[in-house]
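**Q** give me coordinates for this.
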Amino acid sequence: MKTRVTVTASLALFTGLLVAAPIASAEKVEAFLKGIREVPSVSTPATGRFEARIDSKAGTITYELAFFGLTGDVQQAHIHVGQRSVNGGISVFLCQTETSPDPTGLAPRCPKLGKVTGVLQSVNMIEGPIVGQGIAPGEFNELIAAIRAGVAYVNVHSSTFPGGEARGQIVIPQP
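**A** Numbers count the residues shown, from 1 in each chain. Okay, the predicted model is just below:
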């Protein structure tokens, strides 16, 4: 009888731990940016790192973008839909400047160097280039699907390289 009580108590404790354990709803993605990854490649010391969490339930992407060593003034940064070695349309601005404003007006200001953080939602999606790729403005789930499929990238543009100075494909990190 004592064994049965111990097993029952242990099972109840274990079940309680499972119920109490938080379920991760956010999915981590990242990109490492370099000039050599631009299309066409550019010679620059610029580097960067993009880290984000996709929360499908909330319909958000919370991000941090850091970039360093740009040879010109930062102009803007975006997420584009496009596979490696292909230029794709801009879907959302990660940061903006007065000379290159976000059409939605929602992106934070780009720092000269360092980090910028923000939260993306369907209202951040711009009209324009991605429509030609079959993604309508506001189709945030399509952007998330492109990121998960590995066909989205981050690009930081500068005054020296207006087409992009540092680029990195967004990937799901391997454990």
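
**Q** tell me how far residue 154 lies from residue 116.
**A** Residue 154 sits 11 Å away from residue 116, going by C-beta to C-beta, to the nearest Å. In short, each C-beta sits where N, CA and C put it, glycine included.

**Q** those two: which is more packed in?
**A** Set residue 154 next to residue 116 and count neighbours by other C-beta atoms under 10 Å: residue 154 wins out with 28 against 20.

**Q** in what helix or strand does that one lie?
**A** Assessed by DSSP states H and E, residue 154 sits inside strand 152-158.

**Q** show me what that strand pairs with in its sheet, parallel or antiparallel.
**A** Strand 152-158 sits in its sheet next to strand 74-81 (antiparallel), strand 166-169 (antiparallel), going by DSSP bridges.

**Q** output it as PDB, nothing but the C-alphas.
**A** Taking Å, rounded to 0.1, in the frame of the first residue of the first chain, the C-alpha atoms of strand 152-158 are listed here in PDB:
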ATOM      1  CA  ALA A 152      13.700  35.900 -46.300                       C
ATOM      2  CA  TYR A 153      16.700  38.100 -45.600                       C
ATOM      3  CA  VAL A 154      17.700  41.200 -43.600                       C
ATOM      4  CA  ASN A 155      19.400  44.000 -45.500                       C
ATOM      5  CA  VAL A 156      21.000  47.200 -44.100                       C
ATOM      6  CA  HIS A 157      21.500  49.900 -46.700                       C
ATOM      7  CA  SER A 158      24.000  52.800 -46.400                       C
END
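
**Q** one step back: could you tell me which residues touch both of residue 154 and residue 116?
**A** 65, 77, 94 (C-beta atoms under 8 Å, 6 or more residues apart in numbering).

**Q** quick test: name the residue nearest the centre of this structure.
**A** Nearest to the mean C-alpha position of the chain, by C-alpha atoms, centre = their mean, lies residue 52 at 4.9 Å.

**Q** quick one: pLDDT of the closest residue to it other than its chain neighbours?
**A** Leaving aside its sequence neighbours, residue 52 sits nearest to residue 63 (C-beta to C-beta, 6 or more residues apart in numbering; 3.9 Å). Confidence at residue 63, expressed as pLDDT, is 98.

**Q** same check, this time on residue 24
**A** 48.

**Q** for residue 119, same thing?
**A** Here, the pLDDT recorded for residue 119 equals 98.

**Q** and the angle for the host helix or strand of it with strand 74-81?
**A** Assigning secondary structure by DSSP H and E places residue 119 in strand 114-120. Interaxial angle of strand 114-120 relative to strand 74-81 (axes from the mean of the first three to the mean of the last three C-alpha atoms, to 10 degrees): 40 degrees.
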